[in-house]
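*Asks:* starting from these lines, generate the structure:
(one chain, ligands or ions: 1)
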Amino acid sequence: MKKKVVVIGAGPAGIMAAGVASSNGANVMLLEKNDIIGKKLLITGKGRCNITNDTDIESLIENTPGNGSFLYSAFYTFSNSDLIAFLKEYGLDTKVERGGRVFPVSDRAKDVVDTLNKYLIKKNVRVQLNSSVQKILVDKKKVKGVALKNGEVIECDSIVLSTGGVSYPGTGSTGDGYDMAKKLGHTIIELKPSLVPLLTEETWVKELQGLSLKNISISLFNKSGKKLYTDFGEMIFTHYGVSGPVILSSSRHILNYNFKDIKLSIDLKPALTEEKLYERIQRDFLKFSKKQFKNSLDDLLPQKLIPVIVNLSNIDGQKYVNQITREERKTLTELLKNLTITINGSRPVKEAIVTAGGICTNEINPSTMESKLIQGLFFAGEIIDIDAYTGGYNLTIAFSTGFLAGINSSELRSQEAE
Ligand SMILES: Cc1cc2nc3c(=O)[nH]c(=O)nc-3n(C[C@H](O)[C@H](O)[C@H](O)COP(=O)(O)OP(=O)(O)OC[C@H]3O[C@@H](n4cnc5c(N)ncnc54)[C@H](O)[C@@H]3O)c2cc1C
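*Replies:* Okay, here's the model as predicted:
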């Protein structure tokens, strides 16, 4: 007899689970509350979808600071290379970019969603859109079915709960699955923002709102001066603080500090050593020797940054450049190599790229993704208390845990088969 599997949530985890369960012989229904599948996928990687990372399994785990070791079985069952091969089989070619980041050759996240749609059709998965699940029905600690918001009840033998986290709720990830699992006795580890914009203390940061800095390097230090992270790339100043790729990536490294008492040091000229930068400033000052200091930095810095730097340098902006002392030039050099900002918080979890926290991994069998509390209940994707750095790791987790949940939710257990 065919097993009946209901998958709740058509993100990458749920889509993969549904397709695999159907492939494995089950009768599968994929329930999605939106009117399309993969709504969040469409906005991933700035609309380009960084699908996975071209690296080995150990490195996938290392790049998953939130419970990475829970993922050995998932990654060994369905790895990043399996994912790339799977997408190719369904017509999507991929390419590798900086840091091993894998994208579709077309640079279109929509092509990833279309490919997954093709997969669901090929595997005869029944997709029911506009269907919000409200409750998981259980009898004697065993799954019986689901109740939808509209009152409809669907009976089934197993359920894959893949409703995602609470980040970007406009995409459908509103945390419904946490409530459903909690009602069944599962522990929800505190939900926290990860890969999130950061709040800053200094008021001058707000004057720079909208300024984007490319090719800078940043470092984060804790209260005792220990370096926690360093990275190179692009960042942006906002009305509340700082954001952009290097800031989002860096934020996961200070999650355990609750984003508090952290110093962010920006090297505005990472390609130049302090000596070289000093020489460069000297050359600029010769060129602009008849100008006032505040008008002498045009070749060195973006316009918006100049008044802030002049102010922070404590050098009188009205002063003529040929009167600036050696000591002052040194101070300016140091400032450009180490523009320091105090981080005192983060934007809320709904603005984070991922949700850290979620269903406690101790209550899930890592080899099957089945709940240790409720027979026939499986978890996949961001709903689980796992989170990774940027670089395609979070989608890899969704696909790999989805695959494992899909296989095991559709498996006929020996006593059931008899
Ligand atoms: C802006 C942004 C960019 C990102 N870019 C990347 C990237 O490039 N690479 C990367 O690896 N990761 C990226 N991520 C993270 C990645 O998108 C998520 O980790 C991933 O989508 C999680 O997959 P999931 O299937 O677990 O959950 P989701 O993708 O959140 O899907 C969950 C689905 O469940 C549905 N659902 C929820 N509740 C119910 C209910 N009650 N009934 C029915 N359906 C329900 C939701 O509507 C949703 O469709 C990005 C995230 C954001 C916000």
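*Asks:* please tell me how far the closest residue to residue 124 other than its chain neighbours sits from residue 108.
*Replies:* Among residues not flanking residue 124 along the chain, residue 22 sits closest, at 5.9 Å (CB to CB, 6 or more residues apart in numbering). In this view, the C-beta of every residue, glycine as well, is placed from N, C-alpha and C. From residue 22 across to residue 108, the span is 26 Å (CB to CB, to the nearest Å).
*Asks:* more crowded one of those two?
*Replies:* Neighbour count, other CB atoms under 10 Å: between residue 22 and residue 108, residue 22 has more, with 25 against 16.
*Asks:* report pLDDT for that one.
*Replies:* pLDDT, residue 22: 98.
*Asks:* which stretch of helix or strand covers it?
*Replies:* helix 12-23 (DSSP states H and E).
*Asks:* for that helix, packing partners?
*Replies:* When contacts are defined as 3 or more CB pairs under 8 Å, 6 or more residues apart in numbering; DSSP states H and E, helix 12-23 packs onto strand 4-8, strand 27-31, helix 109-122, strand 158-161, helix 393-410.
*Asks:* so which of those gets nearest the ligand?
*Replies:* Taking CB to the nearest ligand atom, helix 393-410 is the member of those nearest to the ligand, at 3.3 Å.
*Asks:* for the ligand, what's the nearest residue on the stretch 251-400 of the chain?
*Replies:* residue 381 (2.2 Å).
*Asks:* same question for the stretch 1-150 of the chain.
*Replies:* For the stretch 1-150 of the chain and the ligand, the shortest gap (CB to the nearest ligand atom) falls at residue 11, measuring 2.1 Å.
*Asks:* helices of this protein, start to end?
*Replies:* Remark: helices assigned in the chain by DSSP state H are 12-23, 57-62, 72-77, 80-89, 109-122, 176-183, 204-207, 245-251, 274-287, 306-313, 326-337, 393-410, 414-417.
*Asks:* now the second one: how far from the chain's centre is it?
*Replies:* By that I understand helix 57-62. When C-alpha coordinates are averaged (CA atoms, centre = their mean, to the nearest Å), helix 57-62 and its chain have centres 16 Å apart.
*Asks:* over to the longest one?
*Replies:* The chain centroid and the centroid of helix 393-410 are separated by 17 Å under CA atoms, centre = their mean.
*Asks:* quick one: is that helix near the ligand?
*Replies:* Yes: contact of helix 393-410 with the ligand (CB under 6 Å from any ligand atom) involves 393-395, 398.
*Asks:* separate out the buried members of these.
*Replies:* For the residues of helix 393-410 next to the ligand, a neighbour count by 16 or more other CB atoms under 10 Å gives the buried set as 393-395, 398.
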